[in-house]
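> A structural model of the following input is requested.
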Amino acid sequence: MDAVRNPYSPGAGTRPPELAGRDALREQVRVAIARIRIGRPAKSVIMVGLRGVGKTVLLNQMLRDAESEGIHTVYVEAPESRSLPAILAPQLRIALLRLSRVEAAKDAAITGLRALAGFARALKVKFGDIEVGIDYEPEAGLADNGDLEGDLTALLVQLGEVAKAAGTALVIFVDELQYVTEEQLAALITGLHRVSQLALPVTLVGAGLPQLRGRAGNAKSYAERLFDYPEIGPLEPPQARLAFVKPALDEGVVVDPDAADRIVQVTCGYPYFIQEWGSSAWDAASNDHITLADVESASAYAVAALDESFFRVRFDRMTLAEKVYLRAMASLGEGPHRSGDIAASLGRTSQSLGPIRSALISKGMIWSPTHGDTAFTVPMFDQYMCRIMPGGDWRPKFSGP
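The predicted structure follows:
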């Protein structure tokens, strides 16, 4: 079929043609934002889930939903290598400049820009990666003490005053939130807690891997009362079927029921995999008709595409010892697995493998669903590890931490 018409969109955070099964969560977030805008209490939201479930897609859609209602937004992705102040400060400056165009909020916005200048200058020594334009000179005593928790709180309070004066709300969208260090996460939680106490219209909508719930609780004990943590999982079969079938139907392409059933089965309902398989099935089909045979012939291409992009980019970030640890996990099956069982499969103790396990958790490759358990954060990564490191030759190469 015509490749130009192919509606499926496998990509990092690329919106699928049919965002199936997420309407209830979008409405939950819409209501929360609408409530804080009018001074009513509502929890911030942190979505958690494995890779490939569509958290980034949802985050971007929620941002568009908010902006369509006149809400001011800030969007950042938390990388492993930069500090939270460094990624937030430039975006908060842009938000303040936009809000300063609202006549009723102009004076408050100028004060906010002065606070941001003090915040950046005071924390420059501690966080050398902060780079932000300075529009006004700092105001002495405003967010400039050099203490991240206190200064970020003061800055968020001022932002709340600006948004309130403008008759809107400011929503901070943060992706990959699990990469924010515990100290910086604690400062963000403290600031959000304070604006919530003051009924100011500032809130957070974040997304991250499942370990984020525990990290937020460790950072601040009251985090469980400040946030809702909706878990984003694979789609249920009817939703997965819709995500595959409707884009094809919208292009005038017929999908056989057994072809749709097979897609649901092989993808396990993971939205990213549906897009990858859907794209390959479209390319394999002919005469505006996708059959079971098309899906079966497309599977090899879909798996190869995943191996070269979705899986390989994560595999290449790991050291040899980390790869072997994950290969040992994969040899035990999908998981989760007891850490002791993984160690035993390598003839080691859990304690000796602790640094490797910790490094893999920091890199977002594994997480601990319960104490002592270890699971992949990437669906089907166990199968990939067995493909990329087949047989048993990988065992003698393990040299330890």
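> any low-confidence regions in this structure?
The chain contains residues with pLDDT under 70 at 396-401.
> L123 versus the closest residue to E334 other than its chain neighbours, what's the distance?
Closest residue to E334 apart from its sequence neighbours, by Cβ to Cβ, 6 or more residues apart in numbering: D382 at 5.3 Å. To be clear about C-beta, it is placed using only N, CA and C from the backbone, and glycine gets the same treatment. Going from D382 to L123 by Cβ to Cβ, to the nearest Å gives 42 Å.
> okay, now the domains of the protein?
Using automatic domain parsing, the domain ranges for the chain come out as 23-228, 235-310, 317-397.
> list the contacts for the closest residue to A89 other than its chain neighbours?
Excluding its sequence neighbours, the residue lying closest to A89 (Cβ to Cβ, 6+ apart) is V132, at 4.2 Å. Residues in contact with V132, defined by Cβ atoms under 8 Å, 6 or more residues apart in numbering, are 89-90, 93, 116, 120.
> which residues touch the residue nearest to E334?
By Cβ under 8 Å, 6+ apart, D382 lies in contact with 329-330, 333-335, 376.
> coming back round to it: which of the domains of the chain sits closest to V4?
V4 lies closest, by Cβ to Cβ, to one member of the domains of the chain: domain 235-310, at 10.7 Å.
> tell me the phi and psi of the residue nearest to E334?
D382 has phi and psi values of phi -60, psi -40 when expressed as degrees, to the nearest 10.
> what does stretch 307-327 rub up against?
Contact partners of stretch 307-327, identified using Cβ under 8 Å, 6+ apart, comprise 51-52, 272, 276, 342, 346, 353, 356-357, 359-360, 363, 365-366, 376, 378, 381, 384-389, 394-395, 397-401.
> select from the residues you listed every entry located in strands.
The strands, defined by DSSP state E, take in 366, 376 from those.
> what's the PyMOL line that selects buried ones from the contacts of stretch 307-327?
This is how PyMOL selects the buried members of these, with burial counted by 16 or more other Cβ atoms under 10 Å:
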select buried, resi 51+52+272+276+342+346+353+356+357+359+360+363+365+366+376+378+381+384+385+388+389+394+398
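> in helices only, show me the contacts of stretch 307-327.
272, 276, 342, 356-357, 359-360, 381, 384-388 (DSSP state H).
> what about the residue sitting furthest away from the middle of the chain, distance to D258?
The centre of the chain is farthest from one residue, N287, which by Cα atoms, centre = their mean lies 38.4 Å away. To D258, N287 is 17 Å away according to Cβ to Cβ.
> same question, V303
V303 sits 20 Å away from D258, going by Cβ to Cβ.
> over to K106?
Counting by Cβ to Cβ, the gap from K106 to D258 is 62 Å.
> repeat for Y229
Y229 sits 38 Å away from D258, taking Cβ to Cβ as the criterion.
> and those two? Which one has more around it.
With neighbours defined as other Cβ atoms under 10 Å, Y229 and D258 compare such that Y229 has more, 18 against 12.
> ok, now which ones touch that one?
Shown in contact with Y229 (Cβ under 8 Å, 6+ apart): 45-48, 212-213.
> next, it: phi, psi?
phi -120, psi 70.
> before we move on, the earlier item: so for the residue farthest from the centre of the chain, what's the nearest residue that isn't a sequence neighbour?
Nearest residue to N287, sequence neighbours excluded (Cβ to Cβ, 6+ apart): M1, at 7.9 Å.
> how many neighbours does that neighbour have?
M1, neighbours per other Cβ under 10 Å, totals 19.
> run through the residues that contact it.
Applying Cβ under 8 Å, 6+ apart to M1 gives the contacts 253, 282-283, 285-288.
> which one among the ones in helices among the contacts of stretch 307-327 gets closest to G146?
G146 lies nearest to A359 out of the ones in helices among the contacts of stretch 307-327, by Cβ to Cβ, at 31.2 Å.
> now for that closest one: which residues touch it?
By Cβ under 8 Å, 6+ apart, the neighbours of A359 are 319, 322.
> could you do E224 as well?
Going by Cβ under 8 Å, 6+ apart, E224 touches 216-217.
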